[in-house]
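have a look at this fold, sequence not included:
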């Protein structure tokens, strides 16, 4: 299956959005974040950046998986329905 530019951009955008949110929330609940970036130690900053990157990749892969499943089901349904719509006499 080929992907168009919109699919790739959507995967990048949704992966970055979800990954950033999840990574920051996990860092917050693990007590590895402070109110200001400059108040954090180098280790805490590295931990936060690593969380965000890892969850961005995981989220992007998950979005890609969902998009490909949706496209596959969409094309299967259209291939089954479209001949009947285009040629109603064919049964």
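Great, that's in hand. Here the structure is a predicted model, which is why all the values come from computation and not from measurement.

and residue 18, what pLDDT?
For residue 18, the pLDDT comes out at 90.

these two touch, right, it and residue 59?
Yes: the criterion here is CB atoms under 8 Å, and residue 18 meets it with residue 59 at 3.8 Å. For every residue, glycine as well, the C-beta is placed using N, CA and C.

of these two, who's got more company?
Ranked by neighbour count (other CB atoms under 10 Å), residue 18 and residue 59 place residue 59 first, with 21 against 17.

OK, contacts around that one?
14, 15, 16, 17, 18, 19, 22 (CB atoms under 8 Å, 6 or more residues apart in numbering).

mind redoing it with 6 Å?
By CB atoms under 6 Å, 6 or more residues apart in numbering, the contact set of residue 59 is 15, 18, 19.

burial of residue 15, as a residue count?
The burial count for residue 15: 20, using other CB under 10 Å.

against residue 31, how distant is it?
26 Å (CB to CB, to the nearest Å).

and if you look at residue 18?
From residue 18 to residue 31 the distance is 22 Å (CB to CB).

can you list the residues that contact the helix or strand harbouring residue 25?
Element membership of residue 25 [criterion: DSSP states H and E] is helix 5-29. Contacts to helix 5-29, defined as CB under 6 Å, 6+ apart, come from residues 33, 48, 51, 52, 55, 56, 59, 60, 63, 64, 67.

pull out the buried residues from that helix.
Buried positions in helix 5-29, judged by neighbour count with 16 or more other CB atoms under 10 Å: 7, 10-11, 14-16, 18-20, 22-23, 26-27.

how about stretch 46-55?
In stretch 46-55, counting by 16+ other CB under 10 Å, buried: 47, 48, 51, 52, 55.

contacting residues for the last one?
Under the criterion of CB under 6 Å, 6+ apart, the neighbours of residue 55 are 19, 22, 23.

count the neighbours of the nearest residue in space to residue 34 that is not next to it in sequence for me.
Nearest residue to residue 34 in three dimensions, chain neighbours excluded: residue 40, at 5.1 Å (CB to CB, 6 or more residues apart in numbering). Here the number of neighbours of residue 40 (other CB under 10 Å) works out to 17.
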